[in-house]
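Asker: got a structure for you, letters missing:
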């Protein structure tokens, strides 16, 4: 690999201009001091200017030439810095900062691309995964970490039978799932639903997970329609605990494509990021018989901005389940990925839904049956008798029972 080395003297400001090779994830990797260490991820547009500072000590930074072609790198004066400060408000959500390094991308000169990038970084910050956050850095850097894999062990005493359901419309994201699922030593059965035949992928899945089940269903209802069909056809019977996942992806061009990439990987980390994490989640269900639903701490909420577009179909379903409009309180995990106690899904039987009830896929963003069910899943614990509870999870786990 070919590297570019950038040497920063302590407490001095530097200007960097680079041509960056960005893809679905508009970040470049920067290694601090040691190129063998784990990198940090810095926002980047196709052509990006940066202001950089190392605090308290001299620091060497390393950038792969395949990530960025450095055009200019120099010290800047305080006078030059003061000219940039009025733009800080525009750029503050783009900034990476830790105890010894600050890197501020200047996207105002990147036109529409820069504006979209800044909006994207602001949205990520509102999710609680801003550029400097441990959540975002760990999510983007998952491939650079080797999670400890425990030796394969039998189902623990008192353990619950686990089924992991993955729906894939975009089969190219399967490696994200494969990487994490292979690290799980706690026994589980895998069910994968596809929207079209893919013999190559089917063979790959079967080789890695010999007891897996692969089914092809129509592209109706996004990930929710196939899940309801699995439930209706009895494929989820025999499990006591189910993890529902899907290959979320944003197909729009530009920086918005990153939303789906970060959303998917962050959710996967929070739900199946390591064997240790899955054991913690499993034990929580074992220890708390009235725990019904566990999802990512990053994506739980009532999302009031989306409620007006989804209220009518959601409340109609809730009424059919015996929950009045005044009783229904939106509380769900956006993205429809979670761990759920299998018995809770039987509460959906009065709806008598089939996949044919879902609309043809034309890129709907809200207001359809699948969006209503996303909110109903969050209501199921409260509809149980006696009610069950909802809890959150995040990766890495705080402790192992």
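Answerer: Alright, I've got the coordinates. Keep in mind the model is a prediction, meaning the values are calculated, not measured.

Asker: shaky segments in the stretch 151-300 of the chain?
Answerer: Within the stretch 151-300 of the chain, the stretches with pLDDT under 70 are 151-155, 157, 250-258.

Asker: mind listing what's buried in stretch 43-61?
Answerer: 43-45, 47-54, 59, 61 (16 or more other Cβ atoms under 10 Å). No exception for glycine: its C-beta is placed from N, CA and C like everyone else's.

Asker: and those residues, which of them are in helices?
Answerer: With DSSP state H as the criterion, helices contain none of the buried residues of stretch 43-61.

Asker: what is the nearest of those to residue 175?
Answerer: residue 44 (22.8 Å; Cβ to Cβ).

Asker: what's the closest non-adjacent residue to residue 324?
Answerer: residue 318 (7.7 Å; Cβ to Cβ, 6 or more residues apart in numbering).

Asker: what does the helix or strand hosting the one you found rub up against?
Answerer: Secondary structure from DSSP states H and E places residue 318 in helix 307-320. By Cβ atoms under 8 Å, 6 or more residues apart in numbering, the list of residues contacting helix 307-320 from outside reads 324-325, 327-328, 330, 350-351, 366-369, 371-373, 375-376, 379.

Asker: do stretch 326-334 as well
Answerer: By Cβ under 8 Å, 6+ apart, stretch 326-334 touches 293, 295-296, 299-304, 307, 314-315, 318, 374-375, 377-379, 382, 390.

Asker: for that stretch, measure first residue to last.
Answerer: Distance between the two ends of stretch 326-334: 22 Å, counting by Cα to Cα, to the nearest Å.

Asker: follow-up on the earlier one: out of the contacts of helix 307-320, which are buried?
Answerer: Buried members of the contacts of helix 307-320, counted by 16+ other Cβ under 10 Å: 328, 330, 367, 368, 369, 371, 372, 373, 375, 376, 379.

Asker: what is the lowest-pLDDT residue among these?
Answerer: In terms of pLDDT, residue 367 ranks lowest among those, with 78.

Asker: ok, the residue nearest to it when sequence neighbours are not counted to residue 47 distance?
Answerer: Nearest in space to residue 367, with sequence neighbours left out and distances taken as Cβ to Cβ, 6+ apart, is residue 309 at 4.9 Å. From residue 309 across to residue 47, the span is 37 Å (Cβ to Cβ, to the nearest Å).

Asker: equivalent analysis for residue 7, please.
Answerer: Counting by Cβ to Cβ - residue 7 and residue 47 are separated by 23 Å.

Asker: equivalent analysis for residue 64, please.
Answerer: 18 Å.

Asker: picking up where we left off before, in helices, which of the contacts of helix 307-320 appear?
Answerer: 369, 371, 372, 373, 375, 376, 379.

Asker: mind listing what the first one touches?
Answerer: In this structure, residue 369 makes contact with 221, 224, 313, 353, 357, 358, 359, judged by Cβ under 8 Å, 6+ apart.

Asker: any quick ChimeraX command for the buried ones out of those?
Answerer: In ChimeraX, this line selects whichever of the contacts of residue 369 come out buried by 16+ other Cβ under 10 Å:
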select :221,224,313,353,358
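
Asker: mind jotting down where the helices sit in the stretch 201-350 of the chain?
Answerer: 224-232, 257-272, 275-287, 307-320 (DSSP state H, counting those that start in this stretch).

Asker: of those, which is nearest residue 126?
Answerer: Closest among the helices of the stretch 201-350 of the chain, using Cβ to Cβ: helix 257-272, at 11.9 Å.

Asker: farthest residue from the center of this structure?
Answerer: The centre of the chain is farthest from one residue, residue 79, which by Cα atoms, centre = their mean lies 41.5 Å away.

Asker: wait, a helix at it?
Answerer: Yes. Counting by DSSP: H, G, I helix; E, B strand; the rest coil, residue 79 is found in a helix.

Asker: could you measure from it over to residue 4?
Answerer: Residue 79 is 27 Å from residue 4, by Cβ to Cβ.

Asker: ok, now residue 368?
Answerer: If you go by Cβ to Cβ, the gap between residue 368 and residue 4 works out to 48 Å.

Asker: equivalent analysis for residue 290, please.
Answerer: Distance from residue 290 to residue 4, by Cβ to Cβ: 56 Å.

Asker: which one's more surrounded, the two?
Answerer: residue 4 (15 against 11; other Cβ atoms under 10 Å).

Asker: mind checking pLDDT for that one?
Answerer: pLDDT, residue 4: 94.

Asker: give the contact list for it.
Answerer: 62, 63, 64, 65, 68, 70.
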